[in-house]
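Novice: got a predicted structure here, sequence first:
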Amino acid sequence: MVSVLGVLFAVVTYEQFEHEKKVDKYLIEFQRQLDAEIKLAQEKEESEISKKIEFKILFGGDFSFGENFQDILKEKGEESTLEKNGYEYSLTNFKQILLSSDYVVLNLETVLTDLSTSELEGEKPYILYSDPKNTTYYLKKYNVDAVSLANNHAFDFGKDGLYQTIEVLEKNELDWFGAGRNGSEAYFPLFKTFKLGNEKFNLAVFGTFEFHKRFDQVYDFYANEIQAGVNMLDMYRLVSQIQHIKTLDPEIFVVVYPHWGHGYSWKTDKQTEIAHKLIDSGADLILGHGSHKIQEVEYYNGKWIVYSLGNFMFNSPGLSYDYDFPQHSVIAVFSITENNKEFSTNLKLYPIFSNNEMTNYQPRFLLEDEFDLTTKKLFEGNSIQNDELMTIGQDDIGHYVELSIFNSGPKK
């Protein structure tokens, strides 16, 4: 007699087998897309020699002007920071670091839409939206180049809202990734080639949102072969993609940029397990977000994991509860330097104070005593004794922790 457990195991095994078959079929398309991107990068500006020998890529966490939150305040008779202070107000303290970066990536945790209603109203606790014109205008003005849509709000208005978001981003020449009109678009990473001197540095950034049963079965958030949605963190597919990239060109620098974890909490065991597997599979750097505050930084198997950058600028009034640690976040600046046909790389982490109640919607860089507290907590549990791996400093932007990344030899 076949046991119930045996039947369940067989069903799960069969479903996994079918899923892997679909992923393997997609990987053929992924290889084609990747080959096309690399060929395009090779052909573009082939004869040009850049005068730049250093290139800075800024990675920030969650971003939204928070029109939905501010509209709720107005309905209660309270003041809207957008109406009182304008859109630029919350970005003021980040102007220098944004404008001094060569490429800027943020997690756009909202929908750029003029739709007035969502089919998820009454089902999903928070429905986020932002003004398409104002958001893209200030993203461009403050030097933002790319946004990830792989998060728990990019599909709050379904495919129509996602389509409108993509349309307005493309119209304003902003790169996007992590969601799409079908799986092929959603699964494909942000792929960029940067020229330094006479050499090229290739970067692939995977935007992905962890699996939640409700987001799958109730909200219908995740993209598939024929359906629009966000890129679900599927370990079989993501590991296979990373391995494909590294087989094609081991020098392509792979960043995983996941939206994961619990709000206002430190990292989970599941995040650690996933991060370690991604590093073991070839990822060079992991920069997470989604917890609305910092999470730990770990040095694992020769690579760095920043479990959560927290918020970059997220105009919500009610997400600043008194937890066991202040609501601090971090801005990451990844620097690439070319010297004698070799690349050296490092990562600077600039902690920021992102509690809107205490900063009056104007996040700022940490003061020295705040920085010392945060740095100690960030690296808790790490036994890093090598000064070559981590140094602490201050520049004209603010206090930072600099992490060395040893990875890149000559780019052929």
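Specialist: Alright, I've got the coordinates. Numbering: from 1, shown residues only.

Novice: please, where are all the helices along this protein?
Specialist: Ranges of helices within the chain are 4-43, 67-75, 81-85, 95-99, 132-141, 158-171, 183-187, 213-217, 235-248, 269-280, 356-359, 368-378, based on DSSP state H.

Novice: most tightly surrounded among these?
Specialist: The highest average neighbour count among these, using mean count of other C-beta atoms under 10 Å, belongs to helix 183-187 at a mean of 23. Where C-beta positions appear, they are placed from N, C-alpha and C, glycine not excepted.

Novice: elements contacting that one?
Specialist: Here helix 183-187 is seen to pack against helix 4-43, strand 179-180 when contacts are counted using 3 or more C-beta pairs under 8 Å, 6 or more residues apart in numbering; DSSP states H and E.

Novice: now the stretch 1-150 of the chain, which segments are flagged as low pLDDT?
Specialist: Counting by pLDDT under 70, the stretch 1-150 of the chain contains low-confidence ranges at 1-2, 4-12, 14-17, 21, 41-51.

Novice: repeat that for 90
Specialist: Judged against pLDDT under 90, the low-scoring parts of the stretch 1-150 of the chain cover residues 1-53.

Novice: please verify my assumption that Gly37 contacts Pro189.
Specialist: Residue 37: Glu, not Gly. No: between Glu37 and Pro189 no contact is recorded; they are 9.2 Å apart, counting by C-beta atoms under 8 Å.

Novice: look up how far Ala150 lies from the residue most central in space within the chain.
Specialist: Averaging the C-alpha coordinates of the chain gives a centre point, and the residue nearest to it by C-alpha atoms, centre = their mean is Tyr257 (3.9 Å). Look at Tyr257 and Ala150: by C-beta to C-beta, to the nearest Å, they are 8 Å apart.

Novice: shared neighbours, the two?
Specialist: Asn107, Gly178, Gly207, Thr208 (C-beta atoms under 8 Å, 6 or more residues apart in numbering).

Novice: restricted to strands, list those.
Specialist: Using DSSP state E to define strands, the subset of the shared contacts of Tyr257 and Ala150 located there is Asn107, Gly207, Thr208.

Novice: for the last one, give the beta-bridge partners.
Specialist: Beta-bridge pairing of Thr208, defined through DSSP bridges, involves Pro258.

Novice: what does the pLDDT read for it?
Specialist: According to the predicted model, the pLDDT of Thr208 comes to 98.

Novice: from Phe63, how far out is it?
Specialist: Distance, Thr208 to Phe63, using C-beta to C-beta: 17 Å.

Novice: neighbour-wise, which of these two wins?
Specialist: Set Thr208 next to Phe63 and count neighbours by other C-beta atoms under 10 Å: Thr208 wins out with 29 against 26.

Novice: distance-wise, check the more buried one relative to Gly398.
Specialist: Here the distance between Thr208 and Gly398 works out to 29 Å (C-beta to C-beta).

Novice: ditto for Asp175
Specialist: Counting by C-beta to C-beta, the separation of Asp175 from Gly398 is 27 Å.

Novice: the two: who's more crowded?
Specialist: It is Gly398, of Asp175 and Gly398, that has more neighbours when counted by other C-beta under 10 Å, with 20 against 17.

Novice: contacts only, for the closest residue to that one other than its chain neighbours.
Specialist: For Gly398, the nearest residue in space outside its immediate sequence neighbours is Phe365; the separation is 3.4 Å by C-beta to C-beta, 6 or more residues apart in numbering. For Phe365, the contact set (C-beta under 8 Å, 6+ apart) comprises Asn93, Tyr350, Pro351, Ile352, Phe353, Ile397, Gly398, His399.

Novice: who wins on neighbours among these?
Specialist: Using other C-beta under 10 Å as the contact criterion, the top neighbour count among the contacts of Phe365 goes to Ile352, which has 28 neighbours.

Novice: partners of that residue in the sheet?
Specialist: Applying DSSP bridges to Ile352 gives these bridge partners: Ser329, Phe365.

Novice: over to Lys124?
Specialist: On DSSP bridges, the residues paired with Lys124 through beta bridges are Glu121.

Novice: wait, what's in contact with it?
Specialist: Contact analysis of Lys124 by C-beta under 8 Å, 6+ apart lists Ser118, Asp156, Tyr219.

Novice: okay then, goodbye and thanks.
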